[in-house]
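Trainee: Here is a sequence together with a model predicted from it:
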Protein chains: 2
Amino acid sequence: MDLTKMFLFLLTLLSIYHAKFGVFNPIQLLRQGSGAAGEYSDCLSWRLAVETNNLRDWRTVPESCAEYVADYMLGKQYRDDCDLVADAASDYAQSVKPTAGGDGKDVWVFDIDETTLSNIPYYNRSDVRFGALPRNGTKYYQWVAQGAAPPVPSVLRLYNTVLSLGFKTVILSASSDQFTKIRSVNLNNAGYNYNWERLIFKGEADRGISGSMFKSKIRTELVNEGFRIVGNIGDQYGDILGDNIGNRTFKVPNPMYYIG
Amino acid sequence: MDLTKMFLFLLTLLSIYHAKFGVFNPIQLLRQGSGAAGEYSDCLSWRLAVETNNLRDWRTVPESCAEYVADYMLGKQYRDDCDLVADAASDYAQSVKPTAGGDGKDVWVFDIDETTLSNIPYYNRSDVRFGALPRNGTKYYQWVAQGAAPPVPSVLRLYNTVLSLGFKTVILSASSDQFTKIRSVNLNNAGYNYNWERLIFKGEADRGISGSMFKSKIRTELVNEGFRIVGNIGDQYGDILGDNIGNRTFKVPNPMYYIG
């Protein structure tokens, strides 16, 4: 091609880079280590602080990280991050699988939202903006009532792996039990084929306690029934800290919202 | 400038982008969300899994992430990540500061290695490679014996903040007490001016238990003495899980090694 065409081609590539990385300052690029992610390094720090439970009780994604979180949740990194959690959990499950003909008391506990099921279609809405706008319970439960949440693919894969190894599963959510039926159908449609040992939501009697307290209470009840919690996976620290957390816990990424 | 010069200029910019991001595939770029970090996205996932305690008992940094971890530890992102942990901890400390004329029993617990002090000068050696080579206890303790570790600047800042707010500090390490004197001098030289309430290392009697068990034991002794552990900060989950972990815990990044 001639020089003009080459010029236009290079310009196009630069535009793609620009659109991709959002910066166009070679000096800045040279000065940053490759561990950084350009203008988003503050948001990487913020996300790490969220994922390690260093930041708690936060209400919305910082406006300066709204676009970053949207890109993360829709992009390859989130899927890769979920995959690695599921791989680590599968490796662990295989290393401790129940002996054949066990007593059926070895269970894995799975959270629902952002763990077995994804609410990305809801958080992707312009009036939600991946958590950059304040949580709106009414709108959120309208979405839940549609029963249309897709699975988190990595977690569905893990779920089937632990079942195939001979574990029982308990799906435990601190969301309201008024949607038990629709969420049960949603889980089935998403690939969790009604093959859980228990599906537990927060009922009227427990409205006064936090999600974290509720889950500790339920896990303790399970243990008192004779279940051994071998693995426990969720996207909130409230899922995996507290009482009877299980022999091993796994944290799925979620930079969109915090639940105590 | 004329078209030829413009062409060369664009080519230079592209080379910089290429050197920085290590990829030159516009299709791939278009397919990845900007939450990804190009060729290192697997290493970002690995680091997140380490920092969230999803991966445990790992022995070395995967060879494919050796360069990534080196770049991270020497670059802006690690410093930014530490800064945000310290900021979050300082905000918390200020929100719960002891009342004037308190009883002097409100303490913060600080770990040493990769928390108050940094071993980056050691891990940067070609025979250590930021944890990509197996841990060598002999070499490592030769480095410790030099007493030359610099502070983690963000943590030193936090340390001085909690002191200024009226808290006492306990520096608690599961490393051997045979270096107590030299590490004490090292901490002082690094800016922790002999102003801790306690400086505790693992003695002969506790050689048989893990670092995590040892720390749980010491924290329980502190609580039995009447101390209230208000904050607790370390780079390993063994520092911040277990018994009497404190009212709030903080995790400093460390993708170089795992201690159980």
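Mentor: Okay, I see it. Keep in mind it's a predicted model, so treat the numbers as computed, not measured. Residues are numbered from 1 along each chain as shown, chains lettered A, B, ... in the order given.

Trainee: so is the residue of the stretch 101-250 of chain A found nearest chain B in a helix, a strand, or just coil?
Mentor: Closest residue of the stretch 101-250 of chain A to chain B, CB to the nearest CB: residue A:250 (5.4 Å). All C-beta atoms are positioned from the backbone trio N, CA, C, and that covers glycine. Assigned state for residue A:250: strand (three-state reduction, DSSP: H, G, I helix; E, B strand; the rest coil).

Trainee: correct me, but it touches residue B:49?
Mentor: No: in this structure residue A:250 lies outside contact range of residue B:49 using CB atoms under 8 Å: 9.2 Å.

Trainee: got a list of what the residue of the stretch 101-250 of chain A closest to chain B touches?
Mentor: The contact partners of residue A:250, taken as CB atoms under 8 Å, 6 or more residues apart in numbering or on different chains, are A:85, A:88-89, A:231-234, A:240, B:54.

Trainee: Now the two most distant members of these.
Mentor: Spanning the widest gap among the contacts of residue A:250 are A:88 and A:234, at 14.4 Å by CB to CB.

Trainee: what's next to stretch A:142-155, contact-wise?
Mentor: Contacts of stretch A:142-155 (CB under 8 Å, 6+ apart): A:79, A:82-83, A:85-86, A:110, A:113-122, A:175, A:179, A:182-183, A:185-186, A:189-192, A:233, A:252.

Trainee: Out of these, which end up buried?
Mentor: Buried members of those, counted by 16 or more other CB atoms under 10 Å in any protein chain shown: A:79, A:82-83, A:85-86, A:110, A:113-120, A:122, A:175, A:179, A:183, A:186, A:190, A:192, A:233, A:252.

Trainee: Please list which of the residues you listed are also close to chain B.
Mentor: A:83, A:85 (CB under 8 Å from any CB of the partner chain).

Trainee: Show me the buried ones among the contacts of stretch A:142-155 that map onto helices.
Mentor: A:79, A:82-83, A:85-86, A:120, A:122, A:183, A:186 (DSSP state H).

Trainee: so which two of the residues you listed are the farthest from each other?
Mentor: A:83 and A:183 (24.7 Å).

Trainee: Next SSE downstream of the worst-scoring helix or strand of chain A on mean pLDDT?
Mentor: Counting by mean pLDDT, DSSP states H and E, chain A has its least confident helix or strand at helix A:26-31, which shows a mean of 32. Sequence-wise, the next helix or strand downstream of helix A:26-31 (DSSP states H and E) is helix A:41-51.

Trainee: now that next one, how far from the chain's geometric center?
Mentor: From the chain centre to the centre of helix A:41-51 is a distance of 16 Å (CA atoms, centre = their mean, to the nearest Å).

Trainee: relative to helix B:41-51, how tilted is it?
Mentor: Relative orientation of helix A:41-51 and helix B:41-51, computed by axes from the mean of the first three to the mean of the last three CA atoms, to 10 degrees: 40 degrees.

Trainee: Quick check: phi and psi at whichever residue of the stretch 51-200 of chain A sits closest to chain B.
Mentor: Residue nearest to chain B within the stretch 51-200 of chain A (CB to the nearest CB): residue A:75, separated by 1.7 Å. When read as degrees, to the nearest 10, the backbone of residue A:75 gives phi -100, psi -170.

Trainee: How many neighbouring residues does it have?
Mentor: A count of nearby residues for residue A:75, using other CB atoms under 10 Å in any protein chain shown, gives 17.

Trainee: distance of it from residue A:81?
Mentor: Using CB to CB, to the nearest Å, one gets 10 Å for the distance from residue A:75 to residue A:81.

Trainee: can you check residue A:195 too?
Mentor: Note on residue A:195: its distance to residue A:81, by CB to CB, is 26 Å.

Trainee: More neighbours: which of those two?
Mentor: residue A:81 (26 against 12).

Trainee: quick one: residue A:78 and residue A:70 touch, right?
Mentor: No: at 10.6 Å, residue A:78 does not count as touching residue A:70 under the criterion of CB under 8 Å.

Trainee: If you count surrounding residues, which of the two has more?
Mentor: Just comparing residue A:78 and residue A:70: by other CB under 10 Å the higher neighbour count belongs to residue A:78, 25 against 22.

Trainee: what's the closest non-adjacent residue to that one?
Mentor: residue A:72 (5.4 Å; CB to CB, 6 or more residues apart in numbering or on different chains).

Trainee: Let me know the secondary structure of that neighbour.
Mentor: Residue A:72 falls in the helix class when you classify it by three-state DSSP.

Trainee: Could you check how far it is from residue A:123?
Mentor: With CB to CB as the criterion, residue A:72 and residue A:123 are 11 Å apart.

Trainee: what's the answer for residue A:40, then?
Mentor: 19 Å.

Trainee: for residue A:76, same thing?
Mentor: Taken as CB to CB, the span from residue A:76 to residue A:123 is 18 Å.

Trainee: can you pull the pLDDT of the residue nearest the centre of chain A?
Mentor: Geometric centre of chain A, nearest residue: residue A:114, 3.6 Å, by CA atoms, centre = their mean. Note for residue A:114: predicted pLDDT of 98.
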